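> What shape does this take:
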Amino acid sequence: MTIVGVLTPMTHLSKRVARWIRRTILAGLAAMGLAIGMVLWADRVAGQAGEGVLYDEAEQMPETPVALVFGCNRLVKGLPNLYFKYRIEAAAALWKAGRVKCFIVSGDNHVDHYNEPDDMKAALVAAGVPAEQIVCDYAGFRTLDSVVRAKEVFGLNKVVLVSQRFHNERAAYLAESIGLDVLGLNAREVSGPAGRKTDYREKLARVKMWLDVHLLGTEPRFLGEKEELPL
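Numbering: from 1, shown residues only. Below you'll find the model as predicted:
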């Protein structure tokens, strides 16, 4: 006598759960692969944007009237921020080498007690740059804002970027997307835990860079009236 097995409702449920788990795992792996691919692609195109236009020594650079210095915190947990210090040193080197005529110091000033442009201007003046040759851009909330404002507000067709190499590469990509010609002076890199943390954060920033340009159409938070430079 043959006994025919009967699938119970629990057996059917187990199979549905197994299929759901399998599909979820495959979808997760596909999403992970896409995310990794996006990170690698964004990193590559930013690096390519910096090829041939970024310099490590001020004396090697062609003369260009205006430099754009990107802002950051002057202090971190009460201690000097090396990213800030090295950017100021690079900008001052440009001035001493006679490669630029004036600076735009662009950063965040969205609250009264936080003012990156004023901090940068004070540091550059202390380094020997005349105050009248420094213009503060108080609406440089993001790299994209600073780059677009350099063209749209300050009327530049070409500018020297001043920041660490990773930042200059991303800024060069953004500039390329709006038809702004750039050169760049790479400030000294920061090593140790702070540098590693920035490296991780930069990977995501480059993905956002690509999305801003190609999908999101992100615009600066604020443009405002045209401003003149002391040229």
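
> what about the chain, any weak spots by pLDDT?
Scanning the chain for pLDDT under 70 picks out the ranges 1-10, 12-13.

> and the longest helix seen in it, how far out from the chain's middle?
For the chain, the longest helix by residue count, based on DSSP state H, is helix 9-50. Relative to its chain's centre, helix 9-50 lies at 27 Å (CA atoms, centre = their mean, to the nearest Å).

> helices or strands up against the helix or strand just after it?
With elements assigned by DSSP states H and E, the helix or strand that comes after helix 9-50 is strand 54-55. If contacts are counted by 3 or more CB pairs under 8 Å, 6 or more residues apart in numbering; DSSP states H and E, strand 54-55 sits against helix 165-177, strand 181-187. Where you see a C-beta, it was placed from the backbone N, CA and C, and this is true even at glycine.

> Okay, angle between the first one and strand 181-187 too, please.
Relative orientation of helix 165-177 with respect to strand 181-187: 170 degrees, computed using axes from the mean of the first three to the mean of the last three CA atoms, to 10 degrees.

> shouldn't Asn115 be in contact with Lys121?
No. Using CB atoms under 8 Å, Asn115 is not in contact with Lys121, being 9.4 Å away.

> Between the helices and strands packed on strand 54-55, which one is closest to Arg196.
Closest to Arg196 of these is helix 165-177 (CB to CB; 12.1 Å).

> who's in contact with that closest one?
Contacting residues not belonging to helix 165-177 are listed as 45-47, 49-50, 53-54, 70, 143-144, 146-148, 150-151, 159, 161-163, 181-182, 184-186, 189, 198-199, 202, 205-206, 209, 212-213 [CB atoms under 8 Å, 6 or more residues apart in numbering].

> swap the cut-off to 7 Å and go again
For helix 165-177, the surrounding residues in contact (CB atoms under 7 Å, 6 or more residues apart in numbering) are 45-47, 49-50, 53-54, 70, 143-144, 147, 161, 163, 182, 184, 186, 189, 202, 205-206, 209, 213.

> do stretch 63-75 as well
With CB under 7 Å, 6+ apart, stretch 63-75 has contacts from 81, 83-84, 87, 91, 94, 99-108, 116-117, 119-120, 140, 143, 146, 150, 156, 158-163, 167, 183, 229, 231.
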